[in-house]
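**Student:** just coords:
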């Protein structure tokens, strides 16, 4: 976990990798829970018997589930102190270079791509690459996303006389 003391310090690391998270194994229970919440019950994700005879030989993690892991990977990697709040502003680009199969281990590789300053706030663009491996073998990334956040500076403490 990297901790930055405010936006000024965070800005000094534009272009740098901020860190890599621990590995996390994706289970069928994870996939089923995501399907329930999103109402996406496509067989390739939730029907283990049918998926076994499908093109991948097993179930796949939903693309949007893989994308949903990105925010947690960011929280696990860095924090900017001195903010009143940070909010998700969206994504510039999201790609899924390779499917993520059930049982895969995934982790996030985080890079600060851009930081644009405004008066009292900044907009950061962070690239998160969801790396994956299955049965100890590295695979192509399951997702590469540019995440845009708004970072609002905490107001300066009032000085009283």
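**Tutor:** Perfect, thanks for sending it. Computed from a predicted structure; not experimentally measured. Numbers count the residues shown, from 1 in each chain.
**Student:** longest helix of the chain?
**Tutor:** As assigned by DSSP state H, the longest helix anywhere in the chain is helix 63-77.
**Student:** and the average pLDDT for the helix or strand following it is what?
**Tutor:** Next helix or strand after helix 63-77 toward the C-terminus (DSSP states H and E): strand 78-81. In this model, strand 78-81 has a mean pLDDT of 97.
**Student:** cool, and stretch 97-111?
**Tutor:** Rounded mean pLDDT across stretch 97-111 is 97.
**Student:** about what we covered before: quick one: contacts of the longest helix of the chain?
**Tutor:** Defining contact as C-beta atoms under 8 Å, 6 or more residues apart in numbering, one finds that helix 63-77 is touched by 1-2, 18-22, 24, 30-31, 34, 38, 40, 88, 91, 94, 96, 100, 106-108, 110, 126, 128, 130, 142-143, 145, 147. Heads up, the C-betas are built off the backbone N, CA and C, glycines and all.
**Student:** give me that answer again for 7 Å
**Tutor:** Residues from elsewhere that reach helix 63-77, judged by C-beta atoms under 7 Å, 6 or more residues apart in numbering: 1-2, 18-19, 21, 31, 34, 38, 88, 94, 96, 100, 106, 108, 110, 126, 128, 130, 142-143, 145, 147.
**Student:** please check those and keep the buried ones.
**Tutor:** The neighbour-count criterion (16 or more other C-beta atoms under 10 Å) marks 18-19, 21, 31, 34, 94, 96, 100, 106, 108, 110, 126, 128, 130, 142-143, 145, 147 among the contacts of helix 63-77 as buried.
**Student:** correct me, but residue 32 touches residue 47?
**Tutor:** No - Residue 32 lies out of contact with residue 47 (C-beta atoms under 7 Å); the separation is 10.5 Å.
**Student:** take the buried ones among the contacts of helix 63-77 and keep only those in helices.
**Tutor:** Among those, the members falling in helices (DSSP H) are 31, 34.
**Student:** can you list which of the buried ones among the contacts of helix 63-77 are found in strands?
**Tutor:** Assigned to strands by DSSP state E, the following of the buried ones among the contacts of helix 63-77 qualify: 18-19, 94, 106, 108, 110, 126, 128, 130, 142-143, 145, 147.
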